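Novice: 3D model of this:
(chains A and B)
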Amino acid sequence: MWDLYFLISLIVTGYIFGQIHERRHYASLKKRELEMMKMVMTSSKRPLGELGPIMEAKLVQGGVVISVDYFKRIVTSLRNFFGGNIRGYETLVDRARREAILRLKESCPDATQIINLRLETSSIYKGRGNQIGSVEVLAYATALYT
Amino acid sequence: MFLTNIEEVPGKRIIACYGVVSGSTVRAKHVGRDIMAGLKNIFGGELEAYTELLSEAREQAMLRMQQQAESLGANAIVNVRFSTSSVTAGASEIYIYGTAVTVE
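Specialist: Sure thing, here's the model as predicted:
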């Protein structure tokens, strides 16, 4: 019986804190994305428009590891049974990718343009069942300075 | 050392090419970080310790790649790619590769 209470309290705390975290994170993402709007970024190999002589080019990167909360993990295991979209994980990878791109931009605030953006998703916990549900995203690109 | 992930170093001409150079590192996290991550897994949110771990691993792999390029006499690496895999449970492998070249 106590095991059940423990499990329920885990799910409830997971739900409450998970929701707070997510909402807060989305708010900060939106705010910072607006601030960084001015920086031109592309995933193509050539810069957009005419840049003129380029003084410097360097490799820049940004990475983040985000974990899912306990409530979402339980919901996901149910979802695995019925099939369908797993919204909890969709928002998780979405947040991780946007955060990684923002960190990349923040690492080179003076760049004129950022080209050839590549995103890599990796996993520390790949071989370990679903003990820890987390996603790791790395964004890398070339920053051009004129 | 110039590093880019496009085929060239913008504004510079490539005069020699030395082939592929690479650097890799396999890092395991320690128990303390693991326990914290386990706790975070209940509440959700960013696992700062792991973010740090991965960025350290990337730095080291990048350094190894640069050392290899330097020993060949190159002064730039173009077309850098990152790749990650998990060799064993709880450890992450970062592999970085690129083409070593000399630019003027």
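Novice: after the helix or strand of chain B with the lowest mean pLDDT comes which helix or strand?
Specialist: In chain B, no helix or strand scores lower on mean pLDDT, DSSP states H and E than helix B:31-43, which sits at a mean of 74. Once the chain leaves helix B:31-43, the next helix or strand it forms, by DSSP states H and E, is strand B:45-46.
Novice: if we can go back for a sec, summarise which helices and strands the least confident helix or strand of chain B is packed against.
Specialist: The helices and strands touching helix B:31-43, judged by 3 or more C-beta pairs under 8 Å, 6 or more residues apart in numbering or on different chains; DSSP states H and E, are helix A:2-35, strand A:56-67, helix A:70-82, helix B:48-72. All C-beta atoms are positioned from the backbone trio N, CA, C, and that covers glycine.
Novice: Now that helix: buried residues?
Specialist: Burial within helix B:31-43, assessed by neighbour count using 16 or more other C-beta atoms under 10 Å in any protein chain shown, is assigned to B:R33, B:D34, B:A37, B:K40, B:N41, B:I42, B:F43.
Novice: pretty sure A:L119 contacts A:A100?
Specialist: Yes - between A:L119 and A:A100 there is a contact at 7.0 Å, judged by C-beta atoms under 8 Å.
Novice: thinking again about what came up before, any chance of the helices and strands packed on helix B:31-43 in TSV, with distance to A:S107 and mean pLDDT too?
Specialist: Converted to TSV, the helices and strands packed on helix B:31-43 look like this (distance: least, C-beta to C-beta, whole Å; pLDDT from 0 to 100):
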stretch	distance to A:S107	mean pLDDT
helix A:2-35	13	88
strand A:56-67	5	90
helix A:70-82	30	79
helix B:48-72	11	90
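Novice: So which of those is the most surrounded?
Specialist: Greatest average neighbour count among these goes to strand A:56-67 (a mean of 23), per mean count of other C-beta atoms under 10 Å in any protein chain shown.
Novice: Which neighbouring elements make contact with it?
Specialist: Here strand A:56-67 is seen to pack against helix A:87-107, strand A:134-145, strand B:2-3, helix B:31-43, strand B:45-46, helix B:48-72 when contacts are counted using 3+ C-beta pairs under 8 Å, 6+ apart.
Novice: Mind checking the helices and strands packed on helix B:31-43 for the one nearest to A:A96?
Specialist: Go through those one by one with C-beta to C-beta and the one that ends up closest to A:A96 is strand A:56-67, at 4.6 Å.
Novice: A:F82 and chain B, how far apart?
Specialist: A:F82 sits at a distance of 23 Å from chain B (criterion: C-beta to the nearest C-beta, to the nearest Å).
Novice: same question but for A:Q113, I mixed them up
Specialist: 10 Å.
Novice: Check A:W2 too.
Specialist: Going from A:W2 to chain B by C-beta to the nearest C-beta gives 17 Å.
Novice: Could you export the least confident helix or strand of chain B as PDB, CA atoms only?
Specialist: What follows is the C-alpha trace of helix B:31-43 in PDB, where atoms were taken according to Å, rounded to 0.1, in the frame of the first residue of the first chain:
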ATOM      1  CA  VAL B  31      27.900   8.400  -9.300                       C
ATOM      2  CA  GLY B  32      27.200  11.900  -7.700                       C
ATOM      3  CA  ARG B  33      26.000  13.200 -11.100                       C
ATOM      4  CA  ASP B  34      24.000  10.100 -11.700                       C
ATOM      5  CA  ILE B  35      22.100  10.400  -8.400                       C
ATOM      6  CA  MET B  36      21.400  14.100  -9.100                       C
ATOM      7  CA  ALA B  37      20.200  13.100 -12.600                       C
ATOM      8  CA  GLY B  38      18.000  10.500 -11.100                       C
ATOM      9  CA  LEU B  39      16.400  13.100  -8.800                       C
ATOM     10  CA  LYS B  40      16.000  15.600 -11.700                       C
ATOM     11  CA  ASN B  41      14.300  12.800 -13.600                       C
ATOM     12  CA  ILE B  42      11.300  13.100 -11.200                       C
ATOM     13  CA  PHE B  43      10.900  16.800 -11.600                       C
END
